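Novice: my questions concern the predicted model and sequence given below.
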Protein chains: 2
Amino acid sequence: MRVVVLLSGGLDSTTVLAQACAQGRECFALTVDYGQRHNAEIDASKAIAEQLGALEHRVVRVDYGQFGGSALTDDSIDVPNANTRDSAIPITYVPARNTVMLAIALGWAEVIEAQEIFIGVDAVDYSGYPDCRPEFISAFETLARLATKSGVEGKGIGVRAPLVEMSKAEIIRLGAQIGVDYKLTVSCYQASSDGRACGGCDACELRREGFATAGIDDPTRYF
Amino acid sequence: MRVVVLLSGGLDSTTVLAQACAQGRECFALTVDYGQRHNAEIDASKAIAEQLGALEHRVVRVDYGQFGGSALTDDSIDVPNANTRDSAIPITYVPARNTVMLAIALGWAEVIEAQEIFIGVDAVDYSGYPDCRPEFISAFETLARLATKSGVEGKGIGVRAPLVEMSKAEIIRLGAQIGVDYKLTVSCYQASSDGRACGGCDACELRREGFATAGIDDPTRYF
């Protein structure tokens, strides 16, 4: 079965791709370059797609950072340290990012006649980002059925978010079992161009805690 | 009220922008350059946004044509003549195009705190394109509420498709009443770089018939 897997180069989406490949799906990896600061993610995604055996890997550039509104795309907004995080929607939220990424994935899925789209949103993300919640994923699946030729013809395109109920530690344990090399992945919101992590941002802290809780050595390279 | 208006440079979206401006909305025009062949549309959209008084006009490039699958983005597929059109979904359908465009509009709407997104789909289009149907628009509105910070906070972003039940002739009559200069608009699927139309494609035929039925002079410049 052909599937499109959204691959950011981070820990979650890499685990999703590894699992989909391990389950015997024909994986077409898709990275959306939306003008994020951390371009190291794009390089990481290329190495990961190749290592995991994706049949194809595409990078689609969306000139989206011009809107600003997020610390991840707007240079005038600082990436906050983990200790400044509160329960509100964080400033690292990129407006409608997952909607844009799923929409582009949907277009490719239609062209290559893929039956499923995979996205690596997880329970930790969705405490803060509205477009990581299960009800968002489900609404996108409904939209996908109405939006597409294949949907009209009765062959819907499923949207799968297999990590949606998992903690970071559970994701890391799953990945370790199926042989994911997390050294290749980049989670840091302000990674260096060669993929080293700051260790201080929200994403770094969640990742570090995940490895610690999972009891698995953290291969992250820090500044 | 701030609104984002998707503007392709064609007849429909120009009418939508003119109407939204005439109704006193603060219009932010958005053109998505998805690698369509007819780049004359992009130039037209700039002139139209300025003439109609949009507060801002952004062109967002999505490197989307690389997927192919449509005569509008894939050079290896010919744009059909109007007389080869049948009732099936036409080859000029761009996979998930309206989903991608609405997703990008949603991101901008969130950043500028717009309350509505306008899209110029119409009844003629939705006989062939799945992502022009009223049920698609409605599903996107549901998604938008779940996808965004403003939706979570109870201020949804409305998705308006004011032409959705209108014929081409009705749209042209409406536009003529509010002073739209259709000379600026480009509908042709294979327009020349200076915006002249082929006269033979599906889009040209629909447009010409629309002016004829409306009893309004057709200002289109042909090859």
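Specialist: Received it, and whenever you're ready, just let me know what you need.
Novice: neighbours of residue A:216, how many?
Specialist: 15 (other Cβ atoms under 10 Å in any protein chain shown). Placement of C-beta: from N, CA and C, glycine included.
Novice: do residue A:197 as well
Specialist: Other residues close to residue A:197 by other Cβ under 10 Å number 23.
Novice: ok, and the closest non-adjacent residue to it?
Specialist: Residue nearest to residue A:197 in three dimensions, not counting chain neighbours: residue A:188, with 3.6 Å by Cβ to Cβ, 6 or more residues apart in numbering or on different chains.
Novice: so residue A:208 sits in a strand?
Specialist: No - under DSSP: H, G, I helix; E, B strand; the rest coil, residue A:208 falls outside any strand and is assigned helix.
Novice: surely it touches residue A:200?
Specialist: No - look at residue A:208 against residue A:200 with Cβ atoms under 8 Å: they stay out of range, at 10.2 Å.
Novice: which SS class is residue A:217?
Specialist: Looking at residue A:217 with three-state DSSP, the answer is coil.
Novice: which residues touch the residue nearest to it when sequence neighbours are not counted?
Specialist: Counting by Cβ to Cβ, 6+ apart, residue A:211 is the residue found nearest to residue A:217 once chain neighbours are left out, at 7.1 Å. For residue A:211, the contact set (Cβ atoms under 8 Å, 6 or more residues apart in numbering or on different chains) comprises A:169, A:172, A:217, A:218, A:220.
Novice: and the first one, what's its pLDDT?
Specialist: It refers to residue A:169. What the model reports for residue A:169 is a pLDDT of 95.
Novice: what helix or strand is it located in?
Specialist: helix A:168-177 (DSSP states H and E).
Novice: do the last one as well
Specialist: Using DSSP H and E, residue A:220 falls within no helix or strand.
Novice: isn't it right up against residue A:209?
Specialist: No - assessed by Cβ under 8 Å, residue A:220 is found out of contact with residue A:209, at 11.9 Å.
Novice: mind checking which of those two has more residues around it?
Specialist: residue A:220 (21 against 16).
Novice: and the more buried one, how close does it get to chain B?
Specialist: Applying Cβ to the nearest Cβ, to the nearest Å, the value for residue A:220 to chain B is 29 Å.
Novice: tell me the confidence at the residue located most distally from the centre of chain A?
Specialist: Within chain A, residue A:153 marks the point farthest from the mean C-alpha position, 29.4 Å out by Cα atoms, centre = their mean. Among the per-residue scores, residue A:153 shows a pLDDT of 80.
Novice: among the contacts of residue A:211, find me the one that's closest to residue B:102.
Specialist: residue A:172 (35.2 Å; Cβ to Cβ).
Novice: what's the neighbour count on the closest one?
Specialist: Residue A:172: 25 neighbours (other Cβ under 10 Å).
Novice: you'd agree it is up against residue A:185?
Specialist: No - taking contacts as Cβ under 8 Å, residue A:172 lies outside contact range of residue A:185: 10.3 Å.
Novice: what sits in contact with each of the two?
Specialist: Contacts common to residue A:172 and residue A:185, judged by Cβ under 8 Å, 6+ apart, are residue A:11.
Novice: which ones are touching residue A:30?
Specialist: Applying Cβ under 8 Å, 6+ apart, the residues near residue A:30 are A:4, A:5, A:6, A:7, A:57, A:58, A:60, A:101, A:104, A:105, A:108.
Novice: drop anything exposed from the residues you listed.
Specialist: Buried members of the contacts of residue A:30, counted by 16 or more other Cβ atoms under 10 Å in any protein chain shown: A:4, A:5, A:6, A:7, A:57, A:58, A:60, A:101, A:104, A:105, A:108.
Novice: of these, closest to residue B:122?
Specialist: Of the buried ones among the contacts of residue A:30, the one sitting nearest to residue B:122 (Cβ to Cβ) turns out to be residue A:104, at 24.6 Å.
Novice: any idea of the mean pLDDT for the one helix or strand that closest one maps to?
Specialist: In this structure, residue A:104 sits in helix A:97-112 according to DSSP H and E. Averaged across helix A:97-112, pLDDT comes to 93.
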